[in-house]
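Colleague: Pasted the sequence and its predicted model underneath.
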Amino acid sequence: MATSLPRAVESINFDFIEERSVPLSEQVTLRVSKERREHMKLISRLSQPHRTVFQLTDSVLTAFIRRFEIASQMRFLDSPLTVQATDALPAPDASEIEDYVIPADDQTGLKVAKDVREALRRISLVSGKTIFAITDASLEKFATQFDAASRYALISRFRS
């Protein structure tokens with residue numbers, strides 16, 4: 001049964017999400033909380049124009065990396081800076097990220113490009129935060145901003 005999207009969700013523009021296509025051989029899996037993965041899957045389904053979970057995740061994490069690069073005056077990604085996506089996507093400040101551990105049963109994986117994973121690894125070494133914490137916090141901030149922009153609570157969608 002198809003449900004109509006709330007008008008606010010229909011008005012969110014996902015054009016700033018890069019339509020980057022990366023071959024499977026150039027992708028790796030990052031551990032994230034199951035809740036975060038479900039958020040990304042739902043946002044992907046609601047995005048207009050449609051963006052895959054990979055594209056959303058890749059853009060959100062790249063925005064975090066770019067902001068970290070600007071703040072630290074260090075370079076972590078070799079690709080050119082994409083200002084539009086960096087400005088449009090919310091990303092936590094590294095000081096906002098708290099390291100925490102969740103049980104393995106509550107974790108799952110999301111695919112990202114190898115260069116994004118490598119940049120996150122280097123940021124992890126510099127910041128002292130785990131890759132899991134950086135990834136989870138970045139995706140959580142994106143989902144929270146999406147919730148606020150759409151006035152569409154993602155969590156309630158899962159519980160109904």
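Modeller: Received the coordinates, thanks. Numbers count the residues shown, from 1 in each chain.

Colleague: Isn't Met40 up against Leu139?
Modeller: Yes: when contacts are counted by C-beta atoms under 8 Å, Met40 is listed as touching Leu139 (6.3 Å). Every C-beta, even on glycine, is put in place using the N, C-alpha and C of the backbone.

Colleague: Pull up the overlap in contacts between the two.
Modeller: Residues touching both Met40 and Leu139 comprise Thr57, with contact defined as C-beta atoms under 8 Å, 6 or more residues apart in numbering.

Colleague: low-confidence ranges in this structure?
Modeller: Scanning the chain for pLDDT under 70 picks out 1-18, 79-96, 99, 151-160.

Colleague: which residues touch the residue nearest to Leu120 when sequence neighbours are not counted?
Modeller: Using C-beta to C-beta, 6 or more residues apart in numbering and skipping the chain neighbours, the partner closest in space to Leu120 is Ile131 (5.0 Å). The neighbours of Ile131, taking C-beta under 8 Å, 6+ apart as the test, are 30-31, 117, 120-121, 124.

Colleague: And Ile131, how far from Leu110?
Modeller: 12 Å (C-beta to C-beta, to the nearest Å).

Colleague: Pull the distance from the helix or strand harbouring Lys141 to the chain's centre.
Modeller: In this structure, Lys141 sits in helix 131-150 according to DSSP states H and E. Offset of helix 131-150 from its chain centre (C-alpha atoms, centre = their mean, to the nearest Å): 6 Å.

Colleague: do stretch 57-71 as well
Modeller: The chain centre lies 9 Å from the centre of stretch 57-71; the measure is C-alpha atoms, centre = their mean.

Colleague: can you dump the C-alpha coordinates of it into CSV?
Modeller: Extracted in CSV, the C-alpha atoms of stretch 57-71 (Å, rounded to 0.1, in the frame of the first residue of the first chain):
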residue,chain,number,x,y,z
THR,A,57,26.1,8.1,3.1
ASP,A,58,29.0,9.1,0.8
SER,A,59,27.9,12.7,0.7
VAL,A,60,27.2,13.0,4.4
LEU,A,61,30.6,11.6,5.3
THR,A,62,32.4,13.6,2.7
ALA,A,63,30.8,16.8,4.1
PHE,A,64,32.1,15.9,7.5
ILE,A,65,35.6,15.2,6.1
ARG,A,66,35.5,18.6,4.2
ARG,A,67,34.5,20.5,7.3
PHE,A,68,37.2,18.7,9.4
GLU,A,69,39.7,19.6,6.7
ILE,A,70,38.7,23.3,6.9
ALA,A,71,38.8,23.3,10.7
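
Colleague: which of the residues in that stretch are buried?
Modeller: Residues of stretch 57-71 classed as buried: 57-69 (neighbour count, 16 or more other C-beta atoms under 10 Å).
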